[in-house]
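Visitor: attaching a predicted model along with its sequence, questions to come.
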Amino acid sequence: MTGASGFVGRHLAPRLVSSGHDVTKLKRGTDAGQGAEASPEVITGPSDFAALRPDHVADHPPFDAVIHLAALNPDRGRGETSNDHALIRANRDGSLALFRVVEAHGARHFVFLSTANVHAPSDRPIDEASPIAPLDAYARSKAMAETALLAAAKTSRTRLTILRPAPVYGEGGRGMIALLKRLAASPWPLPLPATLGERSFVSVEALSSAIIACLDRDGMGAETYLVADAEPVTPAALTARLRTTRGRAPGLIPLPNAILRAAAGVAGKGQSFQRLSQGFRIDPRKLRHATGWSPEPDTLAAILRQSADTGRTRQR
């Protein structure tokens, strides 16, 4: 597994071990030794996965499966994440190099974590056949990685599974849910677009379960699956619910979309506003039918439950 020290990896690795899997972590050279280990075995690769060579894994027996979580992600605040070349190098070239190396080493299955943002926002439910139309450089680099991996898998004995998760939330996560939690915790009224589209999210626990379910899926061909909780929510409903559970009024101020769109454009956040204001409802039925995986049924309840668990942990 790559990305074991990241947000999803920290949740997934213990789940894999408890499910009876032996986990080997492939870490970049600069990462080696950081973070708690769910398994004592670690392979140290190059700092740039695009430079990965067969000798990096030569001393290890063939892998039953490789789970590729590692990515260069703008959400992590590193300077190179705004560089298109760096994103393509890490997310497309690094993923393809890893696939080629583990394919030659006898890996049976390669699971690639992409993003649902390879699809554009839409007022209609999004499924795997929806158009590929990424809105930012990160999503474009992931779409390019998917294309490269699918081409490689056509002539490979290594089975390929591509997962496109909705924005992921959970303990230690960032992104939109973490932002809405911070906004909900503020004492101030919140101006929000008058019409906010319904959006799908996925809990890190449900995503971990989906990855484990895919390890055992039947078939040899390449497959792509969207991953999301069962029902979407609106950012306004989520923020209001977070506030009312604290005994506060929602304090939401609806503003015309045109005003907020102009303000977001001036602040350089036009794409973020587009994502927030448009619908992004994901249909995860393909994954459910193929693997028997069960999504989180209620996003709002799951987020409130996690917030309560986090609060109790901090009080100890």
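Guide: Yes, it's here.
Visitor: buried set for stretch 183-203?
Guide: Buried residues in stretch 183-203, counting neighbours by 16 or more other Cβ atoms under 10 Å, are found at 183-184, 190, 192-193, 196-203. Quick note: C-beta positions are derived from backbone N, CA and C, even for glycine.
Visitor: repeat that for stretch 42-62.
Guide: Neighbour-count burial for stretch 42-62, counted by 16+ other Cβ under 10 Å, picks out 45, 48-50, 52, 56-57.
Visitor: quick one: low-confidence residue ranges for the stretch 51-200 of the chain.
Guide: Counting by pLDDT under 70, the stretch 51-200 of the chain contains low-confidence ranges at 75-82, 194-195.
Visitor: ranges for the strands of it?
Guide: 66-68, 109-113, 122-126, 159-165, 168-169, 190-193 (DSSP state E, counting those that start in this stretch).
Visitor: turn the ones you listed into a markdown table, columns for distance to residue 209.
Guide: Output for these, formatted as a markdown table (distance: least, Cβ to Cβ, whole Å):
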| stretch | distance to residue 209 |
| --- | --- |
| strand 66-68 | 13 |
| strand 109-113 | 13 |
| strand 122-126 | 21 |
| strand 159-165 | 12 |
| strand 168-169 | 13 |
| strand 190-193 | 32 |
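Visitor: tell me which of those strands sits nearest to residue 296.
Guide: Smallest distance to residue 296 across these (Cβ to Cβ): 9.7 Å, for strand 168-169.
Visitor: show me what that closest one is packed against.
Guide: helix 175-185, strand 202-203, helix 204-215, helix 299-315 (3 or more Cβ pairs under 8 Å, 6 or more residues apart in numbering; DSSP states H and E).
Visitor: tell me which of the ones you listed sits most buried.
Guide: Mean neighbours per residue, mean count of other Cβ atoms under 10 Å, is largest over the helices and strands packed on strand 168-169 for strand 202-203, with a mean of 26.
Visitor: quickly run through the sheet partners of it, with directions.
Guide: Using DSSP bridges, the strands paired with strand 202-203 in its sheet are strand 168-169 (parallel).
Visitor: ok so, going back, and the buried residues of stretch 183-203, which is closest to residue 245?
Guide: Each of the buried residues of stretch 183-203 was scored against residue 245 by Cβ to Cβ, and residue 184 proved nearest at 9.2 Å.
Visitor: related to what we said a few turns ago, of the buried residues of stretch 183-203, closest to residue 18?
Guide: residue 203 (17.5 Å).
Visitor: which residues does the closest one contact?
Guide: The neighbourhood of residue 203, defined by Cβ atoms under 8 Å, 6 or more residues apart in numbering, consists of 168-170, 229, 296, 299, 302, 306.
Visitor: what's the distance between it and residue 62?
Guide: Plainly put, residue 203 is 32 Å away from residue 62 if you go by Cβ to Cβ, to the nearest Å.
Visitor: circling back to that earlier point, mean neighbour count, the strands of the stretch 51-200 of the chain: which tops it?
Guide: Neighbour counts (mean count of other Cβ under 10 Å) averaged over each of those peak at strand 168-169, with a mean of 27.
Visitor: ok, residue 113 touching residue 69?
Guide: Yes: using Cβ atoms under 8 Å, residue 113 is in contact with residue 69, at 5.0 Å.
Visitor: what touches both of these two?
Guide: Listed as contacting both residue 113 and residue 69 by Cβ under 8 Å, 6+ apart are 3, 8.
Visitor: residues near the nearest residue to residue 24 once chain neighbours are set aside, how many?
Guide: For residue 24, ignoring the flanking residues on the chain, the nearest one in space by Cβ to Cβ, 6 or more residues apart in numbering is residue 41 at 4.7 Å. Using other Cβ atoms under 10 Å, residue 41 is surrounded by 10 other residues.
Visitor: can you pull the contacts of residue 41?
Guide: Neighbouring residues of residue 41 by Cβ under 8 Å, 6+ apart: 22-25.
Visitor: dump the residues you listed into a markdown table; add pLDDT and neighbour count as well.
Guide: Output for the contacts of residue 41, formatted as a markdown table (pLDDT from 0 to 100; neighbours: other Cβ atoms under 10 Å):
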| residue | pLDDT | neighbour count |
| --- | --- | --- |
| 22 | 92 | 11 |
| 23 | 94 | 21 |
| 24 | 94 | 17 |
| 25 | 94 | 22 |
